[in-house]
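> A structural model of the following input is requested.
(2 chains)
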Amino acid sequence: MLKRPAFYIDMEACTGCKTCMIACIDKHDLPKGILWRRVSEYTGGDWNKDGNGKYHQNVFAYYLSISCNHCENPICVRSCPTTAMHKGPDGIVSVDHDKCVGCRYCEWGCPYSAPQYSEGLGKMTKCDFCRDYQREGKSPACVAACPNRALHYGEYEELADKYGSENLVAPLPSPNITQPNLIITPNRNAKPAGSQAGKISNPEEV
Amino acid sequence: MFSSEWSLVLFTVLTQAAVGIVVISEFTRLLLKNSGAHLKWQAPAACALTALGLLFSLTHLGTPLHSVFTILNLGSSWLSREILVVGCFFAVILLLVLQRRKAPEKGATPLAIASIVVGLGAVFIMTRVYLLPTVPVWNSIATTFGFFGTMLLSGSVACGLIGSLENRSAKNAESCSSMAGVFCVSALVGLALKFIGIVLSMIALNNTDNYGMNALHMVADKGVDGLVAWIVMVCAGIGLFSWFALKAMGTKQIKLIASPALCALALVLAGEIIGRLMFYGTYMRIGI
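Numbers count the residues shown, from 1 in each chain, chains lettered A, B, ... in the order given. As a prediction, this is how the structure comes out:
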């Protein structure tokens, strides 16, 4: 098992096909409305008039496949009143259903929408980094399913050595809040963090 | 725009009202020691309101049977601290009520002071629960002003109502007049805190920008009716209460407050519930 598991997303390779989302739903048999991995479409742009009266468009779109980032300083663990939300020795943040009270406070705070409430259970649920698959030496379902090999996982330091430690493009939050174990190669059209140039155009889907 | 989190709305408003009742009535008791003014039913009323608030908070939980575990993360969770301190507040005022039943004049002062301190601590910790770095709408001093404002507004009017009923035939009109003065000042301070909180919350709402939406635009678009209703109800309630409290002070007849205080309490609580529904309804988190 890894000690500090992290996800790597190559935004240049991601086509927004959402196979990772479906693979996650399938692997964990998630009920309707619960998505441990979500592919958000960040889009924007407009027509601009130049000095000669000609119109030019600057339309852009890119995809962000995000699940729980098993943060180093997880706000869900800090705020959980019962200690049900915890970070294990394997670096995976998970919910202890024998303690979870279903108060949804972790859901309020997490800027990656990782903890999700199950009406049926009356408790929180979240990505467990396919711990069972990892124990069998297999990749997490989302990583294995990605047809473009845009999604990878591994030890944070190894991924950072290979791809750098960039993890901040719009609309992701500042990594200072939770120190996510996430590394990305930004899309060529990626906007800087805090940019208001675009919006998530598929909110009903994620 | 308006949240459906009724359990949290009722829990916070009722608990803050209960703290207000205890803080104002026990402070008045300490101030007007042995003056003949009765402040007997405030603490039991606060005890009942806190119990009701705690019951409402249980209805928010998906698995209420696990609520025993909610005080396990006192080291880092403000929610854990809130649950503990509200529980302690309930226990302290229950002890105070029992002590006064046993010996009305003796030994209650340390418990009264403890109930004021624990009550103020409870409201402070309740505000901290909402100061989440990922929720800029709430992560503002406006939340603190709003919660302490609710405490003083609803607490003072409720104290006035109970005080006027139990002192209808009180012989010491002078101390009853002072009592009405304390309630009136508390209500006006509460109103001032509320207004500062509303102005500061508008700034906090404008600081949010997520999914291409701005929380202030959301309020301007769908929440003006609620905002106006909230402000008008609270102002009307406190105006009515203060007017009759001043009148009672002038004529030294505290019984004059009873009916206006009942109307004022209905207006203030309704206004505060609308305001709290808007508070939860404007939840907007940064991130994805």
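> Give me the neighbour count for B:P133.
Per other C-beta atoms under 10 Å in any protein chain shown, the neighbour tally for B:P133 reads 15. For the C-beta atoms, the positions are set from N, CA and C on the backbone; glycine is no exception.
> Dihedrals phi and psi, the spatially closest residue to it that is not a sequence neighbour?
In this structure, B:P133 finds its nearest non-sequential neighbour in A:I177, 5.5 Å apart by C-beta to C-beta, 6 or more residues apart in numbering or on different chains. Note on A:I177: backbone dihedrals following degrees, to the nearest 10 are phi -70, psi -40.
> measure A:I177 to B:S7 for me?
28 Å (C-beta to C-beta, to the nearest Å).
> the more surrounded of these two?
More crowded of A:I177 and B:S7, by other C-beta under 10 Å: A:I177, with 19 against 16.
> Isn't that one up against A:C110?
No: counting by C-beta atoms under 8 Å, A:I177 sits too far from A:C110 to count as a contact (9.7 Å).
> what do those two both touch?
Shared contacts of A:I177 and A:C110 (C-beta atoms under 8 Å, 6 or more residues apart in numbering or on different chains): A:I75, B:T134.
> A:G102 against B:T63, yeah?
Yes: taking C-beta under 8 Å as the definition, A:G102 is a contact partner of B:T63 at 4.7 Å.
> These two: which has the busier surroundings?
A:G102 (22 against 19).
> and that one, what does it touch?
Neighbours of A:G102 in contact, by C-beta under 8 Å, 6+ apart: A:Y117, A:L121, A:G122, A:K123, A:M124, B:L61, B:G62, B:T63, B:H66.
> The residue lying closest to it once chain neighbours are set aside: neighbouring residues, count only.
Residue nearest to A:G102 in three dimensions, not counting chain neighbours: B:G62, with 2.1 Å by C-beta to C-beta, 6+ apart. Applying the criterion other C-beta under 10 Å, we find 18 residues in the vicinity of B:G62.
> Of the contacts of A:G102, grab the buried ones for ChimeraX.
Only the buried members of the contacts of A:G102 enter the following ChimeraX selection, criterion being 16 or more other C-beta atoms under 10 Å in any protein chain shown:
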select /A:117,122,123,124 /B:61,62,63,66
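> Just name the closest of the contacts of A:G102 to B:C235, please.
B:L61 (35.2 Å; C-beta to C-beta).
> which helices and strands does the strand or helix carrying B:G163 pack with?
Here B:G163, judged by DSSP states H and E, is contained in helix B:141-166. If you count contacts as 3 or more C-beta pairs under 8 Å, 6 or more residues apart in numbering or on different chains; DSSP states H and E, helix B:141-166 packs onto helix B:6-31, helix B:42-58, helix B:109-129, helix B:173-206, helix B:224-251, helix B:258-281.
> Select, out of those, the one closest to chain A.
helix B:109-129 (7.9 Å; C-beta to the nearest C-beta).
> what comes up buried for the closest one?
B:111-112, B:114-116, B:118-123, B:125-127, B:129.
> low-confidence ranges in chain A?
Low-confidence segments of chain A, defined by pLDDT under 70, are absent.
> does A:P192 count as helix, strand or coil?
Per DSSP: H, G, I helix; E, B strand; the rest coil, the secondary structure class of A:P192 is coil.
> how would you label the nearest residue to it once chain neighbours are set aside: helix, strand or coil?
Spatial nearest neighbour of A:P192, chain neighbours left out: A:A170 (6.4 Å); criterion: C-beta to C-beta, 6+ apart. Secondary structure, three-state DSSP: A:A170 is coil.
> contacting residues for A:E12?
A:E12 neighbours (C-beta under 8 Å, 6+ apart): A:A150, A:T185, A:P186, A:N187, A:R188.
> Ok, A:H86 next?
Contacts of A:H86 by C-beta under 8 Å, 6+ apart are A:V77, A:C80, A:V93, A:S94, A:D96.
> tell me, which of the residues you listed make contact with chain B?
A:V77, A:C80 (C-beta under 8 Å from any C-beta of the partner chain).
> just the contacts of A:H86 now: which is nearest chain B?
A:C80 (6.0 Å).
> In this model A:E107 seems to touch the closest one, though I could be wrong.
No: using C-beta under 8 Å, A:C80 is not in contact with A:E107; the gap is 10.6 Å.
> who has more neighbours, the two?
A:C80 (31 against 17).
> Find the closest residue to chain B in chain A.
Counting by C-beta to the nearest C-beta, chain A gets nearest chain B through A:G102, at 2.1 Å.
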